[in-house]
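*Asks:* mind looking at a prediction? Sequence and model below.
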Amino acid sequence: MSFVRKLKRAIRGEVSPKTATLEILRRTDAAIKARNERNSLASESKQPAHLCRPYSDLNDEQLLEHFQTRQVPRSLPGLKVSGGSSDSERVIHDAAQIVDQHCWEILGFGTRSFVAGIEWNRDLLSGYEWPLTYHRNLTFLRLDGSDARVVWELNRLGHLVPLAAAYATTLDDRFLRAFFTQLDSWKDQNPFGYGVNWACAMEVALRAINLLAAFEIFRRSSHLTRVDLTNILNLLQLHGRHIRRNLEYSYIATSNHYMTDVVGLVWLGVSLPELSEASSWREFGLREMLREIDKQILPDGADFEASTGYHRLILELLLYTFILCKENNIEIPERYWAKLHRMLEFTRVYLRPDGLAPLIGDTDSGQVLPFQRRRANDHAYLLSVGAVVFNDARLKVPGMDAPDELRWIVGAEGVESFKLMTPKLDLERSRAFPDAGIYVMRDRDLYLCFNASGAGVHGRGSHGHNDVLSIEVSAFGIPFICDPGTFVYGANREARHAFRSTRYHSTVQIDDEEQNTTDINVPFVIGNEAQPEVLHWESNEDLDIVVAEHHGYRRFESPVTHRRTVTFDKKQRTWSLVDDFAGDGDHEFAVRFHFSPDLDVRLENSTVVAKSSTGKSLHISSLVDFPVAELEELASSRDYGEKRPSKSACWRIRGGAGRFEWRITPVDDLDIR
């Protein structure tokens, strides 16, 4: 894509002339630096790690002994060699499967085998092998079924983290040797600065964090060799230099990519003070991380990208990094700790009664330090870590056992503290997050999440969906009406376009148009026409009421404004929805409710009934005399790359603006009998 087209895509929304000028100058300077970088890559990759004094004065044996015995810097409290412990059966099983059977899970694609060897640049889906082209010259969206995100997941090397954890528990050297064997293979197939695995600084940063965590455990082994140490120090130095030179920064907008870049530099700078550039990485990374928190984390604790999936990723990054800094007496001002706590509170509130998260906006199932593979809608493990870090029992999910992450992140003492906590239900109540545009109505086993989020990134969008005024509904602890998720990015343009469309969400579509404009050819750009506005919110013991409207259809020749009112009657255990439309002319209104997979969805007279296998059901009926609803065959995705058939109930009404009314009622069929 040309420089001009890239700039036009980046400069959308309101941008001052000064900001636009700065961005043009930045991109011009980056192009000049890229030419210099390319000329130096070959020679730079052959250089040994550049150490600062006194470490540069040590010979190889002394340096090896230093790393095997050093006490500072400190890493995460749980990254210690214990030996003989049996409290991590899952991680030992996963690590043994990697070593013995050469297979592990990749996102939502299931377990993949690498018995014949790992081809680090080959796409597992399409078979396409990404060329070893200079990283800035690669095009990610190829339109041939390949998906860079899938290749990047393999090359984040997250599957090597369980190897280190298993070694810490068993002291079995086969895990250490498997780690360094795979690392040698990776280096051989990924020359510095060339290929898809150097093409995104965020991916380089996540890989560096995973390697640092694993190395923190393996470095203590008496079987660590001088060659092992030399290789990993050199590789991590290259990672730090590459991130610093290829920061995903823009004067117009930054996102989870730049946040991950600078957090990666913090980890490299804190964890490897022996490297001559470590102090500059640490200082720059810390300063930029705090600046990005101010920009990217909204006052009520939500990530600003209108995505619970990316909220999880950023929360995980910041939570683990704050712990790392605290362990090393690096001061982070209290107001940032308070913001981190609000991020955890936001997560605790949006969890459904089944303990899983609504998949609002995009999710690519990304994790940091994946000691255990977590599905995209599994966010509760972070709350366990947060509960210990902040000594806040409100964050503990009732009935949840201590997750594996607790041991590895906060250590055995943290696990015991968590076990002694008595969950409090303070956060299991209705709550409004006006900055995020998320309104949660709940009472015991009933839950509704109302989405009045904007496009994200202060109106510029990237990971938001056309889901304005949509709802998720859970009853009896069963999710009935759900957001369909994301499925994939680059592998399938049509599917990408469908999963973020208005049609795939439980809201109203008018004249088959999108709430915000989208283009199938630019899958990470979304318009900002809807601009939702919440007009009223109230919550008491008996009722919750939210009223909001959006302006996405005001762009029509005959403009329409959609206003939705949701009322939760806690005594009657019902929700009522009122959709008001103000405007001129006749239109087709498609009112949809998207159901979870595995439900038996059928029409019973004029009522849509979604029934679970447990005899619990959800009934949706129109209170206005409309034609019977249609059942549409759509799809849902609970993990990146996974797709399952699901149904949507759709009422199609042709006519002028007016009022539609709906009642949503949970029904226990056993009680009826």
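*Replies:* The structure has been received and is ready for your questions.

*Asks:* so Gln509 makes contact with Asp579?
*Replies:* No: the criterion here is CB atoms under 8 Å, and Gln509 misses it with Asp579 at 11.6 Å. The way it works is simple: take the backbone N, C-alpha and C, and place the C-beta from them, glycine included.

*Asks:* more neighbours, the two?
*Replies:* Gln509 (24 against 20; other CB atoms under 10 Å).

*Asks:* can you give me phi and psi for the more buried one?
*Replies:* With angles defined as degrees, to the nearest 10, Gln509 sits at phi -110, psi 140.

*Asks:* which strand residues bridge it?
*Replies:* When assigned by DSSP bridges, Gln509 has beta-bridge partners Ala590.

*Asks:* so the closest residue to Pro333 other than its chain neighbours is in which element?
*Replies:* Spatial nearest neighbour of Pro333, excluding adjacent residues (CB to CB, 6 or more residues apart in numbering): Leu290 at 7.5 Å. Following DSSP states H and E, the helix or strand that holds Leu290 is helix 278-296.

*Asks:* list the helices and strands that helix packs on?
*Replies:* Applying 3 or more CB pairs under 8 Å, 6 or more residues apart in numbering; DSSP states H and E, one finds that helix 278-296 makes contact with helix 226-245, helix 256-271, helix 308-327, helix 334-350.

*Asks:* and that helix with helix 308-327, angle?
*Replies:* 140 degrees (axes from the mean of the first three to the mean of the last three CA atoms, to 10 degrees).

*Asks:* wait, His257 sits on Ala201?
*Replies:* Yes: using CB under 8 Å, His257 makes contact with Ala201 at a distance of 7.2 Å.

*Asks:* give the residues shared as contacts by those two.
*Replies:* Glu248 (CB atoms under 8 Å, 6 or more residues apart in numbering).

*Asks:* ok, these two, which is more surrounded?
*Replies:* Taking other CB under 10 Å, His257 and Ala201 do not tie; Ala201 has more neighbours (25 against 17).

*Asks:* so, low pLDDT: which residues of the protein?
*Replies:* For the chain, applying pLDDT under 70 flags the ranges 1-13, 83-87, 670-673.

*Asks:* apply 90 and report the result again.
*Replies:* Low-confidence segments of the chain (pLDDT under 90): 1-17, 20, 29-36, 80-91, 125, 140-144, 605-606, 625-627, 657, 669-673.

*Asks:* what's the domain layout of it?
*Replies:* Domains of the chain are assigned by automatic domain parsing as 297-423, 431-672.

*Asks:* what residues are shared contacts of Gln509 and Asp579?
*Replies:* Phe589.

*Asks:* of the helices and strands packed on helix 278-296, which is nearest Ser613?
*Replies:* helix 334-350 (25.7 Å; CB to CB).

*Asks:* the closest one vs helix 308-327, what angle?
*Replies:* Using the same axes, to 10 degrees: helix 334-350 against helix 308-327 is 140 degrees.

*Asks:* one step back: and the helix holding Leu290 with helix 256-271, angle?
*Replies:* 150 degrees.

*Asks:* check which residues of helix 278-296 are buried.
*Replies:* 278, 281-282, 284-286, 288-290, 292-293, 295-296 (16 or more other CB atoms under 10 Å).

*Asks:* distance to Leu631 added to the helices and strands packed on helix 278-296, as JSON lines?
*Replies:* JSON lines is the format used below for the helices and strands packed on helix 278-296 (distance: least, CB to CB, whole Å):
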{"stretch": "helix 226-245", "distance to Leu631": "49"}
{"stretch": "helix 256-271", "distance to Leu631": "37"}
{"stretch": "helix 308-327", "distance to Leu631": "27"}
{"stretch": "helix 334-350", "distance to Leu631": "28"}
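
*Asks:* ok, which stretches of the stretch 451-600 of the chain are strands?
*Replies:* Assigned by DSSP state E, counting those that start in this stretch, the stretch 451-600 of the chain shows strands spanning 470-475, 478-481, 508-510, 533-539, 543-550, 560-569, 574-583, 587-594, 600-604.

*Asks:* what sits up against the third one?
*Replies:* Applying CB under 8 Å, 6+ apart, the contact partners of strand 508-510 are 469, 502-503, 515, 553, 556, 560, 562, 564, 579, 581, 587-592.

*Asks:* partners of the lengthiest strand in the chain, with directions?
*Replies:* Taking DSSP state E as the criterion, the chain has its longest strand at strand 644-655. Using DSSP bridges, strand 644-655 pairs in its sheet with strand 587-594 (antiparallel), strand 630-636 (antiparallel).

*Asks:* helices and strands around the helix or strand just after it, which ones?
*Replies:* Under the assignment DSSP H and E, the closest C-terminal helix or strand after strand 644-655 is strand 659-668. Using 3+ CB pairs under 8 Å, 6+ apart as the contact criterion, the elements in contact with strand 659-668 are strand 574-583, strand 587-594, strand 616-622.

*Asks:* now the second one: buried residues?
*Replies:* Buried residues in strand 587-594, counted by 16+ other CB under 10 Å: 587, 589-594.

*Asks:* if we can go back for a sec, include distance to Leu236 when you put the domains of the chain into a markdown table, please.
*Replies:* Listed next are the domains of the chain as a markdown table, based on distance: least, CB to CB, whole Å:
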| stretch | distance to Leu236 |
| --- | --- |
| domain 297-423 | 15 |
| domain 431-672 | 27 |
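
*Asks:* how about these, which one is nearest Glu105?
*Replies:* domain 297-423 (5.0 Å).

*Asks:* that closest one: end-to-end distance?
*Replies:* Terminal residues of domain 297-423 are spaced 26 Å apart (CA to CA, to the nearest Å).

*Asks:* now stretch 286-304
*Replies:* 20 Å.

*Asks:* just give the number of residues close to Gly454.
*Replies:* 22.

*Asks:* any idea how far it is from Ser474?
*Replies:* Distance, Gly454 to Ser474, by CB to CB, to the nearest Å: 24 Å.

*Asks:* repeat for Leu395
*Replies:* Distance from Leu395 to Ser474, by CB to CB: 20 Å.

*Asks:* more neighbours: which of those two?
*Replies:* Leu395 (27 against 24).

*Asks:* please name the nearest non-neighbouring residue to that one.
*Replies:* In space, and not counting its chain neighbours, Leu395 is closest to Ala387: 4.0 Å by CB to CB, 6+ apart.

*Asks:* does the one you found count as helix, strand or coil?
*Replies:* helix (DSSP: H, G, I helix; E, B strand; the rest coil).
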